[in-house]
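J.: this one's sequence-less:
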């Protein structure tokens, strides 16, 4: 079952974000607190949204956390999928596909023309999964990130 995240899901979401960061070999970078997640998802002006995957017994087994982007070329919003995660014991059960299907359904329903995300180049199982759904890499683009001291220097 896929459902919209609720405030009471924050502890599970936080735990899974840390599990994902560990899987991606970057646990030390996962500094978000449960309070920050609560504010981002359920505060006065939500900046992000989340969906939860549950198994048949109501156990939380995965999530998709996303936010809106905007295409100046197409003139409409899209969804940027920040994180998609299914706990290892539940992988292969269709939860990842169900989460992506729900986001694609939202795009179609709302007239959004893109569903985008990033994947680590070494994550072959995820790449194969995404390509099996019809997703294609955007090889002509390179992601840039400004963070830490470089961000502070530019913003000063």
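T.: Thanks, I have the structure now. Here the structure is a predicted model, which is why all the values come from computation and not from measurement. Numbering: from 1, shown residues only.
J.: what segments of this structure are strands?
T.: Along the chain, the stretches classed as strands by DSSP state E are 2-4, 49-54, 60-71, 76-86, 115-117.
J.: where does pLDDT dip in this structure?
T.: Of all residues in the chain, none has pLDDT under 70.
J.: hey, where'd the helices end up in it?
T.: Counting by DSSP state H, the chain has these helices, from start to end: 10-23, 34-42, 95-110, 124-132, 148-155.
J.: can you list contacts of the shortest one?
T.: Which is helix 148-155. For helix 148-155, the external contacting residues (CB atoms under 8 Å, 6 or more residues apart in numbering) are residue 146. Placement of C-beta: from N, CA and C, glycine included.
J.: now do it: distance to the chain's middle.
T.: 26 Å (CA atoms, centre = their mean, to the nearest Å).
J.: got it, and stretch 96-105?
T.: 11 Å.
J.: buried residues of it, list them for me.
T.: Residues of stretch 96-105 classed as buried by neighbour count (16 or more other CB atoms under 10 Å): 96, 98, 99, 100, 102, 103.
J.: just give the closest residue to the first one, not the sequence neighbours.
T.: The shortest distance from residue 96 to any residue other than its chain neighbours is 4.9 Å, reached at residue 86 (CB to CB, 6 or more residues apart in numbering).
J.: that neighbour contacts residue 95, doesn't it?
T.: Yes: when contacts are counted by CB atoms under 8 Å, residue 86 is listed as touching residue 95 (4.7 Å).
J.: shared neighbours, the two?
T.: By CB under 8 Å, 6+ apart, residue 86 and residue 95 have these common neighbours: 53, 61, 62.
J.: how deep is residue 151 tucked in, by neighbour count?
T.: 11 (other CB atoms under 10 Å).
J.: tell me the spacing between it and residue 145.
T.: Per CB to CB, to the nearest Å, residue 151 is found 9 Å from residue 145.
J.: quick one: contacts of stretch 84-104?
T.: Contacts of stretch 84-104 (CB under 8 Å, 6+ apart): 2, 16-17, 19-20, 23, 51, 53, 55, 61-64, 66, 79, 81, 115, 117, 129, 133.
J.: now the buried members of the residues you listed.
T.: 2, 16-17, 20, 51, 53, 61-64, 66, 79, 81, 115, 117, 129.
J.: great, nothing more from me.
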